[in-house]
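Asker: fold the stuff below for me.
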Amino acid sequence: MSKAVKVASEEPSFEDALGRLESIVEAMEADDLPLEQLLARFEEGTRLHRICQSRLAEAELKIQALEKNLAGEPVLRPIQANEVGSAAV
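Answerer: Numbers count the residues shown, from 1 in each chain. Now for the predicted structure:
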């Protein structure tokens, strides 16, 4: 298994990442964590934020790729290479 595939499979789902991010924010707002733990939570939150942003960008591209044919039925339009590169933030 390649490293890229292995890393992607270890990342949490969007929902899991968002839930963890919310719990990190709550813990940080509670104002009872030592500085070292605050920094660790901030780093984890930043990583989770990137995961969520990436998943949202992927979903947006998939939604934009849906078009209707002449009969009004949705069909999947291939995503162009330049669209994939611009969505990865």
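Asker: which elements pack onto the longest helix anywhere in the chain?
Answerer: The single longest helix within the chain, with elements called by DSSP state H, is helix 35-65. Under the contact criterion of 3 or more C-beta pairs under 8 Å, 6 or more residues apart in numbering; DSSP states H and E, helix 35-65 touches helix 14-29, helix 81-87. C-beta: built from backbone N, CA, C; applies to glycine.
Asker: so how far is stretch 49-59 off the chain centroid?
Answerer: How far stretch 49-59 lies from its chain's middle: 2 Å, per C-alpha atoms, centre = their mean, to the nearest Å.
Asker: thinking again about what came up before, which of the helices and strands packed on helix 35-65 has the lowest mean pLDDT?
Answerer: Sorting the helices and strands packed on helix 35-65 by mean pLDDT places helix 81-87 lowest, at a mean of 59.
Asker: ok, the closest residue in space to Val25 that isn't next to it in sequence - contacts?
Answerer: Nearest residue to Val25, sequence neighbours excluded (C-beta to C-beta, 6 or more residues apart in numbering): Gly45, at 7.1 Å. Residues near Gly45 by C-beta atoms under 8 Å, 6 or more residues apart in numbering: Leu21, Ile24, Val25, Met28.
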